[in-house]
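Engineer: this one's sequence-less:
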C-alpha cells in the first residue's frame, strides 16, 4: 500500500530520495541521465547509464544505485497513476509491456534534448507553488512530457541483455561496485565473467574508451576522496579499508590520481 503522505507527483535530481528506490511506489518513475555515468541494478541486472539514457520504472521493477562517476547527474520524476486519471490512455498496455521488458532506452541527442527541455518546463510549474492553476498546469505539462517520451523512445529500447559486449560491460561494472575495495586484478573480473583477460580488456576499452585498470583505480580513488572528505578516519585507517598494504602505497596512489597527498586533499576540502 502506498504511503498516503507521498505527493502525487515528485521531481528530483537526488537518487538518495527514499521514493526512488521504494518498493511500494504505486506509480511510474522516469529517469533522465544528463551527465555520465550512473551504475544501477534493475531487477538484478547491472546497467551503466550515460547521457541520453532514459529509464522507465513501474511498481514491478526494483532499482538500486551501485555508484556514480564524479560528474554524474540526472533528473527524475515519479507520478502516481491516479494523478493522471484524467488521461486514461496515457500509457497504453502495449507500451507499458515494452517498458516493463526493456526499462532502459538510449535516445538521440535531439530527442533527449526535447525531453530534457520538457522536464525543465514541468519543474518550473512544480516550483510555482503560489500559482492558482498550478495543479492543472502540472497535469497538462506531464501529459506533454509523457507524450513526447512515448514518441521519442518508440524505437530506442536498449536490449542490454541481448548485446554481448554491452552486457559484459554492464556486468563488469556491477562486479566492480561489489569488489573494487578488495579485488583489483584483471584476472579476477575475467574469471567472474568466464572470459579471458584479453577479451575483457578489449570489450571495456571498446564500450567505454578506457581500460579495466582505469576504472578500477577510478573507483578506488573516488572512494578514497569520499572517505577523506566525509569521515575522520586516519590515512592509515583509510588505506586499510581500501586494502592497501600500507599507508605509503596509498599515499603514492592518491597523489598519482589527484596531484595531492591525502592530508593535503583533506585540508583543502575543509
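Structural biologist: Sure thing, it's come through. If you're wondering where the values come from, they're calculated on a predicted model, not measured in any experiment. Numbering: from 1, shown residues only.
Engineer: what residue lies at the spatial centre of this protein?
Structural biologist: residue 38 (3.2 Å; CA atoms, centre = their mean).
Engineer: pretty sure that residue is touching residue 74, no?
Structural biologist: Yes - using CB atoms under 8 Å, residue 38 is in contact with residue 74, at 6.2 Å. Using the backbone N, CA and C atoms, a C-beta is placed for each residue, glycine as well.
Engineer: please enumerate the helices of the stretch 151-270 of the chain.
Structural biologist: Assigned by DSSP state H, counting those that start in this stretch, the helices in the stretch 151-270 of the chain fall at 164-179, 186-193, 197-208, 212-230, 235-241, 247-258, 262-269.
Engineer: so where's the stretch 1-150 of the chain uncertain?
Structural biologist: 1-7, 85-98 (pLDDT under 70).
Engineer: adding mean pLDDT, write the helices of the stretch 151-270 of the chain out as JSON lines.
Structural biologist: Formatted as JSON lines, the helices of the stretch 151-270 of the chain follow (pLDDT from 0 to 100):
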{"stretch": "helix 164-179", "mean pLDDT": "82"}
{"stretch": "helix 186-193", "mean pLDDT": "88"}
{"stretch": "helix 197-208", "mean pLDDT": "88"}
{"stretch": "helix 212-230", "mean pLDDT": "92"}
{"stretch": "helix 235-241", "mean pLDDT": "95"}
{"stretch": "helix 247-258", "mean pLDDT": "94"}
{"stretch": "helix 262-269", "mean pLDDT": "90"}
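Engineer: so which of those is the most surrounded?
Structural biologist: Of the helices of the stretch 151-270 of the chain, the one with the most neighbours on average (mean count of other CB atoms under 10 Å) is helix 164-179, at a mean of 19.
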